[in-house]
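K.L.:
no sequence on hand, only this structure:
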C-alpha cells in the first residue's frame with residue numbers, strides 16, 4: 001500500500017507497527033514483531049532506504065564515480 005514519501009511515510013508505518021497491523025510482504029503475510037524489521041520496511045515504503053531505490057541508475061559517463 002502506498003504511503004506518503006519521506007518522514008510522514010515512516011511515521012505512518014511505525015504507527016502500524018505499534019498497533020500490530022504492519023505485515024511483512026502482503027496484507028496476508030505474518031505481522032512484524034521485530035522493531036528493526038519494522039524500521040526497514042517503513043524506510044523502504046517511504047522511499048528513504050538506500051537499498052530500495054528503483055529506477056535510479058548510476059551515471060557511467062564519468063566512469064561511474
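P.N.:
That came through, no problem. Quantities reported herein were computed from a predicted structural model and do not represent experimental measurements.
K.L.:
let me know the pLDDT of residue 31.
P.N.:
With respect to pLDDT, residue 31 scores 93.
K.L.:
give me the buried positions along the one helix or strand residue 43 maps to.
P.N.:
Taking DSSP states H and E as the definition, residue 43 sits inside helix 35-46. Across helix 35-46, burial judged by 16 or more other Cβ atoms under 10 Å covers 38, 39, 40, 41, 42, 43, 44, 45, 46. Placement of C-beta: from N, CA and C, glycine included.
K.L.:
ok, the second one to residue 10 distance?
P.N.:
Distance check for residue 39 against residue 10: by Cβ to Cβ, to the nearest Å, it reads 8 Å.
K.L.:
wait, residue 30 sits on residue 37?
P.N.:
No. Look at residue 30 against residue 37 with Cβ atoms under 8 Å: they stay out of range, at 10.5 Å.
K.L.:
what do those two both touch?
P.N.:
Common neighbours of residue 30 and residue 37, using Cβ atoms under 8 Å, 6 or more residues apart in numbering, are residue 24.
K.L.:
show me which pair in the buried residues of helix 35-46 is furthest apart.
P.N.:
38 and 46 (12.4 Å; Cβ to Cβ).
K.L.:
shared neighbours, these two?
P.N.:
residue 13.
K.L.:
excluding covalently adjacent residues, which one is nearest to residue 35?
P.N.:
Distance criterion Cβ to Cβ, 6 or more residues apart in numbering; nearest residue to residue 35, sequence neighbours excluded, is residue 17 at 7.3 Å.
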